[in-house]
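In: With the sequence up front, the predicted model follows.
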Amino acid sequence: MKESGPRAKPKTGPGYLQAMAHRAPSKVTVPVIRGRKGTGRRILALTAYDYPSARLVDEAGFDLILVGDSIANVVLGHASTLKISLDQMISATRAVRRAVDRPLVVSDMPYGSYHLGTQDTLQNALRLVREGGAQAVKLEGGGPRVELVEALVEADIPVMAHLGLLPQAIHPRGGYKLAGRSRKEARKLLQDALDLEAAGAFALVLEGVPSSVAARISQHLQIPTIGIGAGAGCDGQILVFHDVIGLSFGRNPRFARRYANVTDVIREALDNLADDIRSGAFPSPKESYHLKEALPEDWDLGLGQATDEG
């Protein structure tokens, strides 16, 4: 059951009204996402990690919110996604679920939460669903992950699969490596994709894959593909929220198109606040509270008069 929480002002404004005009009014579910395959209607997906960002993604009309383990990098400042814990993912997922009405909320299974066998995987995924409110989970990789996907689906936990560049596999792969750049790698990706589909995955994220390979995989699958750095031939696209709005630090990947520069806006606001505090311009009388009657000049708040002996 979705947790209730305080909502801010009613959703208004030209951007929100325009989004409403282009989106279906009903809740996006796993069957809805799967049913997009072959319709030509692109799946709109974005990450979110807290109430404010999820609220904005919902208002913009996106279909799917991924509570990504990328929270480790863009929010908590870690060098990789390997540092995020299951409890942290549950907390972030819970915050996102409080914020949204329509999008499907998918939560990443963090590193270590599905690497020790089927039973641990099921227990950890159940926590994401029961405690976090996730409506589906995502895990990385093919091969040995196929059996885990099948077990999760049998336990009524929808799974979005993930192939290509695998952020949780940076150590065995020697870093953030693109995938599918040779014929052998491309064939392996396609076989993994078909196996994950057969295991019951309802969608597949393709990350860091050559566009022609991603398009060919998409053509062979009956489930939709969602690309990130995989070209325009996928059935949908996903990016990291902070990359899109310009709130990330360091170099953006080539595929992460920036649509705003919120960092500069925040810096200017903080500089202006600091200047106003230094000059005494903040707070103004209108931003302060006042008594109905002025205090007498000799009123000592009941502390008594200080004496030389005191």
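Out: Nice, I can see it. Numbers count the residues shown, from 1 in each chain.
In: Just the buried positions in the helix or strand in which Leu66 is found, please.
Out: Element membership for Leu66 (DSSP states H and E) is strand 64-67. Buried residues in strand 64-67, counting neighbours by 16 or more other Cβ atoms under 10 Å, are found at Leu64, Ile65, Leu66, Val67. To be clear about C-beta, it is placed using only N, CA and C from the backbone, and glycine gets the same treatment.
In: show me what contacts the last one?
Out: Contact criterion Cβ atoms under 8 Å, 6 or more residues apart in numbering gives 47-49, 89, 92-93, 96, 105-108, 132, 134 as the residues in contact with Val67.
In: what about it, distance to Ser91?
Out: 10 Å (Cβ to Cβ, to the nearest Å).
In: Would you state the helices of this protein in chain order?
Out: Secondary structure of the chain by DSSP state H: the helices cover 14-21, 30-35, 51-59, 71-74, 86-99, 118-130, 145-154, 170-173, 183-199, 211-220, 241-245, 262-279.
In: Just put the ones you listed in JSON lines and tack on mean neighbour count and mean pLDDT.
Out: Formatted as JSON lines, the helices of the chain follow (neighbours: other Cβ atoms under 10 Å; pLDDT from 0 to 100):
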{"stretch": "helix 14-21", "mean neighbour count": "12", "mean pLDDT": "52"}
{"stretch": "helix 30-35", "mean neighbour count": "16", "mean pLDDT": "98"}
{"stretch": "helix 51-59", "mean neighbour count": "20", "mean pLDDT": "98"}
{"stretch": "helix 71-74", "mean neighbour count": "22", "mean pLDDT": "95"}
{"stretch": "helix 86-99", "mean neighbour count": "21", "mean pLDDT": "98"}
{"stretch": "helix 118-130", "mean neighbour count": "17", "mean pLDDT": "98"}
{"stretch": "helix 145-154", "mean neighbour count": "19", "mean pLDDT": "98"}
{"stretch": "helix 170-173", "mean neighbour count": "12", "mean pLDDT": "86"}
{"stretch": "helix 183-199", "mean neighbour count": "17", "mean pLDDT": "97"}
{"stretch": "helix 211-220", "mean neighbour count": "18", "mean pLDDT": "97"}
{"stretch": "helix 241-245", "mean neighbour count": "21", "mean pLDDT": "97"}
{"stretch": "helix 262-279", "mean neighbour count": "11", "mean pLDDT": "97"}
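In: Now stretch 36-44: buried residues?
Out: Buried positions in stretch 36-44, judged by neighbour count with 16+ other Cβ under 10 Å: Arg36, Lys37, Ile43, Leu44.
In: returning to that earlier point: of all the buried residues of strand 64-67, which two lie farthest apart?
Out: Greatest spacing in the buried residues of strand 64-67, by Cβ to Cβ: Leu64 and Val67 (10.7 Å).
In: Find the residue at the geometric middle of the protein.
Out: Residue closest to the average C-alpha location in the chain (Cα atoms, centre = their mean): Thr47, at 2.3 Å.
In: so that residue touches Asp69, yeah?
Out: No: counting by Cβ atoms under 8 Å, Thr47 stays clear of Asp69, with 9.6 Å between them.
In: biggest separation within the buried residues of stretch 36-44, which pair?
Out: Once Cβ to Cβ is applied, those give Lys37 and Leu44 as the farthest pair, at 15.0 Å.
In: Show residues contacting stretch 167-185.
Out: 69-70, 80-82, 110-111, 140-141, 163-166, 186, 189, 208-210, 213-214.
In: In a markdown table, list the contacts of Val67 along with distance to Cys234.
Out: Shown next, in a markdown table, are the contacts of Val67 (distance: Cβ to Cβ, whole Å):
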| residue | distance to Cys234 |
| --- | --- |
| Thr47 | 16 |
| Ala48 | 20 |
| Tyr49 | 23 |
| Met89 | 25 |
| Ala92 | 25 |
| Thr93 | 24 |
| Val96 | 23 |
| Val105 | 20 |
| Val106 | 16 |
| Ser107 | 21 |
| Asp108 | 19 |
| Gly132 | 27 |
| Ala134 | 23 |
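In: For Tyr135, which residues are in contact?
Out: Actually, residue 135 is Gln rather than Tyr. Thr29, Val30, Leu104, Val105, Val106, Val129, Pro158.
In: Restricted to buried residues, select those residues in PyMOL.
Out: PyMOL command restricting the contacts of Gln135 to the buried ones, with burial defined by 16+ other Cβ under 10 Å:
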select buried, resi 30+104+105+106+129+158
